[in-house]
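1. Turn this into a model:
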Amino acid sequence: MDAEAARAERDGTRSRGWGRLLLRVSVLVLALVALVGFSVVLAKVTLTPSPASEDLVTSNLRPGRSLRQYAEEYTFLAACKQAGGNLLLGMPFGILLPVLVPRRLRMIRMILLTVLVIVVIELAQGALVAGRAFDVDDVILNTAGAILAYLLLGRRLSHRYHVLADGPGRTEEPPVPARRPEPGRRPGRPKTRNGRTGSRWSRMRQGLRAGAARVRPRKR
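-> Model (predicted):
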């Protein structure tokens, strides 16, 4: 009976392991497909030439310059569309990248990868696409959108995925229970030589008295 129970338990553990592996691979493939689809949409939105704006756009290397322009020269709806569009473009990074990067420091890795990708896209815009230019405020808004999406949704999804990927064997060590004090004794109050509890000052005085008694000369 014990051998049959152990064999059944091993078979159940093996089937759960295969199911967990299949689910992990499925989630990873879906995340990769979603990232590829998002990259196509991002390239179409950001790398499409705009000849009508060729004489109007200029590169912006000063943070906040375009944001002030949105607030001062654009209407409210146009400013929300411009700034909100940049925020939305960065949100998929905060949802998909935490699933693909390692669990440790995933937020920092996600931010660095987002900044790297957006900077490359902005540089390609300024160098290759007519009617578009590099704008540091776009990088800031895209990164802010990625961080916002990570805090709202990406952190929870990536945590569940990585917990599933780690499996039940990699669990945290249980905390060491605190040592209970002896009955009738206050915690943190060690006993003196006569068995009584004393403060640090009383123990220091007793030590000084004992030292003085040792160095006191004997009477002949």
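2. Show the low-confidence segments of the chain, by residue range.
-> Low-confidence segments of the chain, defined by pLDDT under 70: 1-17, 19, 167-201, 211-220.
3. Just give me the residue right at the centre of the chain.
-> residue 107 (3.1 Å; Cα atoms, centre = their mean).
4. State the distance from that one to residue 117.
-> To residue 117, residue 107 is 16 Å away according to Cβ to Cβ, to the nearest Å. The way it works is simple: take the backbone N, C-alpha and C, and place the C-beta from them, glycine included.
5. Residue 204 too?
-> Noted for residue 204: a distance of 64 Å to residue 117, by Cβ to Cβ.
6. residues in contact with residue 150?
-> Shown in contact with residue 150 (Cβ atoms under 8 Å, 6 or more residues apart in numbering): 94-95, 98, 107, 110.
7. so can I have JSON lines of those residues showing distance to residue 86 and secondary structure?
-> JSON lines is the format used below for the contacts of residue 150 (distance: Cβ to Cβ, whole Å; DSSP: H, G, I helix; E, B strand; the rest coil):
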{"residue": "94", "distance to residue 86": "14", "secondary structure": "helix"}
{"residue": "95", "distance to residue 86": "16", "secondary structure": "helix"}
{"residue": "98", "distance to residue 86": "20", "secondary structure": "helix"}
{"residue": "107", "distance to residue 86": "20", "secondary structure": "helix"}
{"residue": "110", "distance to residue 86": "17", "secondary structure": "helix"}
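8. Excluding chain neighbours, what is closest to the residue nearest to the centre of the chain?
-> Excluding the flanking residues, the one nearest residue 107 by Cβ to Cβ, 6 or more residues apart in numbering is residue 150, at 6.3 Å.
9. Surely that neighbour is within a helix?
-> Yes. Judged by DSSP: H, G, I helix; E, B strand; the rest coil, residue 150 forms part of a helix.
10. wait, what's in contact with the residue nearest to the centre of the chain?
-> Contact analysis of residue 107 by Cβ under 8 Å, 6+ apart lists 98, 150, 155.
11. Please convert these to a markdown table, extending it with distance to residue 61.
-> Output for the contacts of residue 107, formatted as a markdown table (distance: Cβ to Cβ, whole Å):
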| residue | distance to residue 61 |
| --- | --- |
| 98 | 30 |
| 150 | 27 |
| 155 | 32 |
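12. Quick check: of those, which lies closest to residue 32?
-> Among the contacts of residue 107, residue 98 lies closest to residue 32 (Cβ to Cβ), at 13.7 Å.
13. and the nearest residue to that closest one once chain neighbours are set aside, how many neighbours does it have?
-> Nearest non-adjacent residue to residue 98, counting by Cβ to Cβ, 6+ apart: residue 158, 3.5 Å away. Neighbours of residue 158 under the rule other Cβ atoms under 10 Å: 24.
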